[in-house]
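for reference, the sequence and a predicted model appear below.
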2 protein chains.
Amino acid sequence: MDLVDNPDLPYNVFAKACPSRGTLEHVTGRWGALTLGALSEGSLRFNELRRRVDGVSEKMLSQTLQALERDGLVHRDAQPTNPPRVDYELTPLGHEVAGRLLGLIHFVEGRMDEVLAARERYDTARGGR
Amino acid sequence: MDLVDNPDLPYNVFAKACPSRGTLEHVTGRWGALTLGALSEGSLRFNELRRRVDGVSEKMLSQTLQALERDGLVHRDAQPTNPPRVDYELTPLGHEVAGRLLGLIHFVEGRMDEVLAARERYDTARGGR
DNA sequence: CGGGATCCCTGCTGATACTG
DNA sequence: CAGTATCAGCAGGGATCCCG
């Protein structure tokens, strides 16, 4: 019947007030998706992540990591050494999410030629404006 | 070897300048994901979509639809009748993307209890601030 | 190295109004 | 109904500085 809403579930992203919408945004957000994707290979330190996710600012990375940690998708392992060393890794739940995300990412990457072709068609069709 | 980057592919979302990052953002963006999800059941008219995607403004919906149409994920079928009737539906490519997206959405919805529990733990742990 | 605190600005977003 | 246009706000996001 309904492929989109599942009546058995108490949560529904399509409803404005549902908390699942917030989590979905953390996960699929601009930096959330890339952060989870980067961590799916294994644990990374803060600046390793920063280099991996090309373009993130320190602020946004730290903010993103906090949101993901709070949602139980990322585990933060801080060692009180000097210099400090902090490793981030996915939780089991985070791994499942990242797997699906990565599937989507790879799919999009693999079909970019089609997307780019569609864009050209769209743009030339109403090229003048 | 590398589960994240695929060296055989010319596109890589982790690179700042890659066009695939833009498309990924259209797809996973706040309204893009919900719009694709809503359309996965079948074609919908503008205001049907607007009701379905709770909280979206006319402007953002129309903007989102244009981006998705340009990327070749959504097909726009406008009938020059009066009153006008416009139907939106997924392209085959859009269906594949929406399928993966929906998998992710359902997964998140299904695990919200865990997420919410993680949040409580996180908040009480550093509850004072 | 790993962030927290600040400042500042852009552009996303949401109302409102108007057209066909 | 299906949008486009315009406008005002506020927060998202970047740059910078600083501390442990």
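Cool, got the structure.

quick check: the gap between A:Pro80 and B:Arg119.
Per CB to CB, to the nearest Å, A:Pro80 is found 25 Å from B:Arg119. To be clear about C-beta, it is placed using only N, CA and C from the backbone, and glycine gets the same treatment.

these two: who's more crowded?
B:Arg119 (17 against 6; other CB atoms under 10 Å in any protein chain shown).

separation between the more buried one and DNA strand D?
From B:Arg119 over to DNA strand D the distance is 17 Å, taken as CB to the nearest atom of the strand, to the nearest Å.

what sits against that residue?
By CB atoms under 8 Å, 6 or more residues apart in numbering or on different chains, B:Arg119 lies in contact with A:Arg70, A:Asp71, A:Gly72.

how much space separates it from DNA strand C?
B:Arg119 is 17 Å from DNA strand C, by CB to the nearest atom of the strand.

so for that residue, what's the pLDDT?
With respect to pLDDT, B:Arg119 scores 94.

run through who's touching the helix or strand containing A:Leu34.
Take DSSP states H and E as the rule and A:Leu34 turns out to sit in helix A:30-39. Helix A:30-39 has contacts (CB under 8 Å, 6+ apart) with A:25-27, A:44, A:49, A:52-53, A:56, A:60-61, A:64-65, A:67-68, A:73-74, A:88-90, A:94, A:97-98, A:101-102, A:105, B:4, B:13-14, B:24-25, B:28.

and stretch A:43-52, by the same measure?
Residues from elsewhere that reach stretch A:43-52, judged by CB under 8 Å, 6+ apart: A:35, A:38-39, A:56, A:58, A:61-62, A:65, A:77, A:85-89, B:14.
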